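Student: Turn this into a model:
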Amino acid sequence: MYSRIKREISKRLTKEAKNKFKRALWKSGVGHIFRTVASDKVKFEKIFKQAPASIMIYPTNLCNALCSFCAYPTNTDPKKIMPNEIAFKAIDDLIAMGGGTIADFTTNLGDPLVDPNLADKLAYAKSKGVRITRFFTNGILLDRTGLIEKVAPHLDELHVSLPGLDRKNYLEVFRVDKAEKVGRGLIKLGEHKARTGKPGRVFIEIRASRALEVVMQDEGMRHLKPYFDTGVFELGFVRTTYENWSGVISDKEMIGDMKLIRRPPVKKDIPCGLLFFNPGVLPDGHMRACSCWYLTTNYDKLTLPKITERPLADILFGDEHRKIMLDWTDGDLPPPCSGCSNYEPAFFSLKDVVKMATSIR
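Tutor: Got it, this is the predicted structure:
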């Protein structure tokens, strides 16, 4: 019944109205109840600890592009490739917790195809029963000999981001001269998928500084038209508006039709909902409570213990994770969260509220 009510509320209310509704609930006493529960390890874990439906596994933090809309150029972390053993441990722990719907090998910096052992990680996930494997890539390495043949059989969704395939525009937006290389790789990918059916689905994600009709007239994009026409490729999200990466990206990085997303200031008194279901595993095995943005490093207040030192079940909603949420209720937000435009106040279900209220009687 609650799920039906929640769906009905979601359909009828704007995002702003939903957030006002969440804040009204929070102020009516849910905030006090949550803080009381979050102060108690046993109660908090009993109510909130659960396997995430999806986990992000960062195969690398190294990228081969310098996209104008991305904070990667400002990142100061040492560059690494995730050892297979760390990815395997993350997958094993996820399955042991009862999760395993999605293993997402996208990172909040870096390109997954840079990892020479990515196919091993994907194959392991599928062998353990993970339902959907996926990742986003700029596609620059798709033309590498044998790469598609190794990766594709174990991949359910591949999302290739590009601004189009005009050489000059690609260089302006992605800041590397790789348009022709990407075009060659996409044709190889299209031929492979047409022949084998793998990957399961291929989405071309447009990160544009120009109108879509202009992008699709690029010579390289015209070469891809047969794959769109036959359903081998699908058009993904067409983006001309971009997040500010907690203030790291400014208007000066925007090119042509690109615009920063402007959202009205919002009071962030309720912990962000992404803290409950958006975990990631960094290349060295550290967990991250949220796979959203960073300022200059992924090693900040959102960083949790290493998965190689403790089971995933002990880390998610464990002491360090719980402290992030408890500190939030005191107004002490992790650095990237203060300016993050992805903020979405947590919405506690009626079931959760009843459990929390009952536990503190």
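
Student: can you count the residues close to the nearest residue to residue 68 once chain neighbours are set aside?
Tutor: The shortest distance from residue 68 to any non-neighbouring residue, by Cβ to Cβ, 6 or more residues apart in numbering, is to residue 253 (4.7 Å). The C-beta positions use only the backbone N, C-alpha and C, and glycine is treated the same way. By other Cβ atoms under 10 Å, the residues close to residue 253 number 19.

Student: now do the one 3 residues further on
Tutor: A total of 15 residues lie near residue 256 under the criterion other Cβ under 10 Å.

Student: Then the one 5 residues further on?
Tutor: Neighbour count for residue 261, taken as other Cβ under 10 Å: 11.

Student: so it touches residue 254, yeah?
Tutor: No - using Cβ atoms under 8 Å, residue 261 is not in contact with residue 254; the gap is 10.8 Å.

Student: what is in contact with the two at once?
Tutor: Shared contacts of residue 261 and residue 254 (Cβ atoms under 8 Å, 6 or more residues apart in numbering): residue 242.

Student: on that earlier part again, now do the same for the residue nearest to residue 68: its pLDDT.
Tutor: We have a pLDDT of 94 for residue 253.

Student: looking at this, residue 37 is in a strand?
Tutor: No - per DSSP: H, G, I helix; E, B strand; the rest coil, residue 37 lies outside any strand segment and is helix.

Student: which residues touch it?
Tutor: By Cβ under 8 Å, 6+ apart, the residues touching residue 37 are 43-44, 47, 356, 359-360.

Student: and what of residue 289?
Tutor: 275, 278-279, 302-304, 321, 324, 334.

Student: just those residues now: which is nearest residue 100?
Tutor: For those, the closest approach to residue 100 (Cβ to Cβ) belongs to residue 279, at 13.8 Å.

Student: burial measure for that closest one, as a count.
Tutor: Using other Cβ under 10 Å, residue 279 is surrounded by 26 other residues.

Student: residue contacts, it?
Tutor: Counting by Cβ under 8 Å, 6+ apart, residue 279 touches 52, 55-56, 287-291, 304, 316.

Student: For residue 62, give me the pLDDT.
Tutor: You'll see residue 62 listed with a pLDDT of 98.

Student: Got the phi and psi for it?
Tutor: Note on residue 62: backbone dihedrals following degrees, to the nearest 10 are phi -110, psi 130.

Student: helix/strand/coil for the closest residue to it other than its chain neighbours?
Tutor: What sits nearest to residue 62 in space, not counting adjacent residues and going by Cβ to Cβ, 6+ apart, is residue 79, at 4.4 Å. Under three-state DSSP, residue 79 falls in the coil class.

Student: What of the one 10 residues further on?
Tutor: Here residue 89 is helix, with the state taken from three-state DSSP.

Student: That one: how many residues sit nearby?
Tutor: The criterion is other Cβ under 10 Å. On that basis, residue 89 has 18 neighbouring residues.

Student: Now do it against residue 110, distance only.
Tutor: Residue 89 sits 20 Å away from residue 110, going by Cβ to Cβ, to the nearest Å.

Student: Could you single out the nearest of the contacts of residue 279 to residue 246?
Tutor: Closest to residue 246, out of all of these and judged by Cβ to Cβ, is residue 290, at 11.5 Å.

Student: The closest one: what secondary structure?
Tutor: Under three-state DSSP, the three-state class of residue 290 is coil.

Student: Backbone dihedrals for the closest residue to residue 331 other than its chain neighbours, please?
Tutor: Nearest non-adjacent residue to residue 331, counting by Cβ to Cβ, 6+ apart: residue 269, 7.5 Å away. Backbone torsions of residue 269, given as degrees, to the nearest 10, read phi -90, psi -20.

Student: who touches residue 269 in this structure?
Tutor: Residues near residue 269 by Cβ under 8 Å, 6+ apart: 23, 26, 31, 329, 331.

Student: Likewise for residue 343?
Tutor: 266, 268, 272, 337.

Student: can you tell me which of these are in strands?
Tutor: The members of the contacts of residue 343 all map outside strands under DSSP state E.

Student: Those residues, buried ones only, as a PyMOL selection?
Tutor: To isolate the buried ones among the contacts of residue 343 in PyMOL, judged by 16 or more other Cβ atoms under 10 Å, type:
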select buried, resi 268+272+337
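
Student: can I assume the residue nearest to residue 68 is in contact with residue 67?
Tutor: No - counting by Cβ under 8 Å, residue 253 does not reach residue 67; the two are 9.1 Å apart.

Student: where do the strands sit along the stretch 251-361 of the chain?
Tutor: 259-260, 280-281, 286-288, 303-306 (DSSP state E, counting those that start in this stretch).

Student: how about the last one: buried residues?
Tutor: If I follow you right, that is strand 303-306. Using 16+ other Cβ under 10 Å as the test for burial, strand 303-306 gives 303-306.

Student: how about it as CSV, C-alpha atoms only?
Tutor: Written as CSV, here are the backbone C-alpha positions of strand 303-306 (Å, rounded to 0.1, in the frame of the first residue of the first chain):
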residue,chain,number,x,y,z
THR,A,303,35.6,7.8,2.2
LEU,A,304,34.9,4.6,4.2
PRO,A,305,37.3,1.7,5.2
LYS,A,306,38.8,-0.7,2.7
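
Student: Relative to the whole chain's centre, how far out is it?
Tutor: Centroid separation for strand 303-306 versus its chain: 18 Å, with Cα atoms, centre = their mean, to the nearest Å.

Student: circling back: in JSON lines, list the contacts of residue 289 along with distance to residue 343 and pLDDT.
Tutor: Shown next, in JSON lines, are the contacts of residue 289 (distance: Cβ to Cβ, whole Å; pLDDT from 0 to 100):
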{"residue": "275", "distance to residue 343": "11", "pLDDT": "96"}
{"residue": "278", "distance to residue 343": "12", "pLDDT": "92"}
{"residue": "279", "distance to residue 343": "17", "pLDDT": "96"}
{"residue": "302", "distance to residue 343": "13", "pLDDT": "97"}
{"residue": "303", "distance to residue 343": "19", "pLDDT": "97"}
{"residue": "304", "distance to residue 343": "20", "pLDDT": "98"}
{"residue": "321", "distance to residue 343": "18", "pLDDT": "97"}
{"residue": "324", "distance to residue 343": "14", "pLDDT": "97"}
{"residue": "334", "distance to residue 343": "12", "pLDDT": "95"}
